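**Student:** fold the following.
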Amino acid sequence: MPKLSKVFIVILNWNRKDDTLATVKSIENLVVKGFELTTVVVDNGSTDGSRKALEDYRISTGKYKYIQNSKNLGFAEGNNVGMRYCLKKGADFVMLLNDDTIVDSNLVIDLLKVFEKYPDAGILAPKIYFAKGYEFHKRYKDSELGRVIWYAGGDIDWNNIYGSNHGVDAVDTGQFDKVVDTDFATGCCMFVRKEVLKKVGLFDKRYFAYLEDADLSQKAKKAGYRVLYAPPAKLWHKVSQSSGIGSNLNDYFITRNRMIFGLSYASLRTKLALIRESLRLLAKGRKWQKIAIRDFYLGRFEKGSWQ
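**Tutor:** Numbering: from 1, shown residues only. Predicted coordinates:
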């Protein structure tokens, strides 16, 4: 009898116990056929009572492995804790899944089929919709809710070092149903072969939050693996409205992490432009942009000076 593949799903929780439990419960509805499934919930030093709620549910159901971090290690290193556990336990595939998602019951089966069809692929990301009521705009018909695209592949503007989600805000009418190469797999849901993680490593913990997914995607590509957007696999994301462009959080981490990412992977011309931009921001940027640039040049990574 052939050995079943071991699939592990890692969910990182930070102060969102209700969303995390909803995600865990949606995972319980996954069709598990032809593979073994283990769910790992990592709490990233929450202070909202998450530990008790998540432990109580685990004890009552026995549905997942629970790991408690002593403090908030950031999205990158928090997920790394889970990935290290998965690899230690013999994972063949690791899925990183946001704690504010609801999965389609065939999510894993559909992704495994894509890996089977594309053996040179190392990382996959599914089609991701806005969860109903979490759309950026309120212009949609009721019949369109739940079919509004949040991610149908990732695009990187290599001249300016900005990432964006392909297809965002469009209503899905089948125009995003083709498996294609993508610049990055989103950390909202990325499905990774163990060989990739063993060859190129885990998330770079310097990022703390933002662009660690693009960084891992680039490392996989440089190692010879394809990174694919992989419908028909799909899920729904309760997209946050609070940390967008202009927020202090965005000003700090995006500004600093663009420097890390761009100076690692961009062309020489773009690297020089980034350095010039950084000097301008240091002089005339917003408060947290200035702090971010200062921290980059001083080598203050991970959480850095973030409050």
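**Student:** where does pLDDT dip in the stretch 51-200 of the chain?
**Tutor:** Nowhere does the stretch 51-200 of the chain drop to pLDDT under 70.
**Student:** show me where it has strands.
**Tutor:** For the stretch 51-200 of the chain, the strands defined by DSSP state E, counting those that start in this stretch cover 65-69, 93-97, 101-103, 121-130, 149-151, 154-157, 162-165, 180-181, 189-193.
**Student:** using JSON lines, please lay out the ones you listed together with mean neighbour count and distance to D56.
**Tutor:** Where you see a C-beta, it was placed from the backbone N, CA and C, and this is true even at glycine. As requested, the strands of the stretch 51-200 of the chain are arranged in JSON lines below (neighbours: other CB atoms under 10 Å; distance: least, CB to CB, whole Å):
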{"stretch": "strand 65-69", "mean neighbour count": "17", "distance to D56": "10"}
{"stretch": "strand 93-97", "mean neighbour count": "25", "distance to D56": "21"}
{"stretch": "strand 101-103", "mean neighbour count": "21", "distance to D56": "21"}
{"stretch": "strand 121-130", "mean neighbour count": "26", "distance to D56": "30"}
{"stretch": "strand 149-151", "mean neighbour count": "23", "distance to D56": "31"}
{"stretch": "strand 154-157", "mean neighbour count": "17", "distance to D56": "37"}
{"stretch": "strand 162-165", "mean neighbour count": "16", "distance to D56": "35"}
{"stretch": "strand 180-181", "mean neighbour count": "12", "distance to D56": "43"}
{"stretch": "strand 189-193", "mean neighbour count": "24", "distance to D56": "26"}
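**Student:** ok, and the closest non-adjacent residue to N159?
**Tutor:** Closest residue to N159 apart from its sequence neighbours, by CB to CB, 6 or more residues apart in numbering: T270 at 6.0 Å.
**Student:** ok, the one you found - contacts?
**Tutor:** W158, N159, N160, I161, G262 (CB atoms under 8 Å, 6 or more residues apart in numbering).
**Student:** so what does the top strand by length along the chain touch, helix or strand wise?
**Tutor:** The strand that spans the most residues within the chain, counting by DSSP state E, is strand 226-237. Counting contacts by 3 or more CB pairs under 8 Å, 6 or more residues apart in numbering; DSSP states H and E, strand 226-237 packs against strand 101-103, helix 107-117, strand 121-130, strand 180-181, helix 212-222.
**Student:** all the helices of the protein, in order from the start?
**Tutor:** Secondary structure of the chain by DSSP state H: the helices cover 17-27, 50-61, 74-88, 107-117, 194-200, 212-222, 248-265, 268-284, 287-298.
**Student:** list the contacts for the residue lying closest to N257 once chain neighbours are set aside?
**Tutor:** Nearest residue to N257, sequence neighbours excluded (CB to CB, 6+ apart): L211, at 4.3 Å. Going by CB under 8 Å, 6+ apart, L211 touches G163, I254, N257, R258, I260, F261.
**Student:** any idea which of those is the one closest to N248?
**Tutor:** Among those, I254 lies closest to N248 (CB to CB), at 10.9 Å.
**Student:** can you give the domain ranges for this structure?
**Tutor:** As assigned by automatic domain parsing, the chain contains the domains 5-127+179-237, 248-298.
**Student:** can you give me the end-to-end span of the shortest one?
**Tutor:** In terms of CA to CA, to the nearest Å, the two terminal residues of domain 248-298 are separated by 20 Å.
**Student:** in JSON lines, list the contacts of T270 along with neighbour count.
**Tutor:** As requested, the contacts of T270 are exported to JSON lines (neighbours: other CB atoms under 10 Å):
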{"residue": "W158", "neighbour count": "14"}
{"residue": "N159", "neighbour count": "11"}
{"residue": "N160", "neighbour count": "13"}
{"residue": "I161", "neighbour count": "24"}
{"residue": "G262", "neighbour count": "23"}
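**Student:** can you pick out the most distant pair from these?
**Tutor:** N159 and G262 (10.2 Å).
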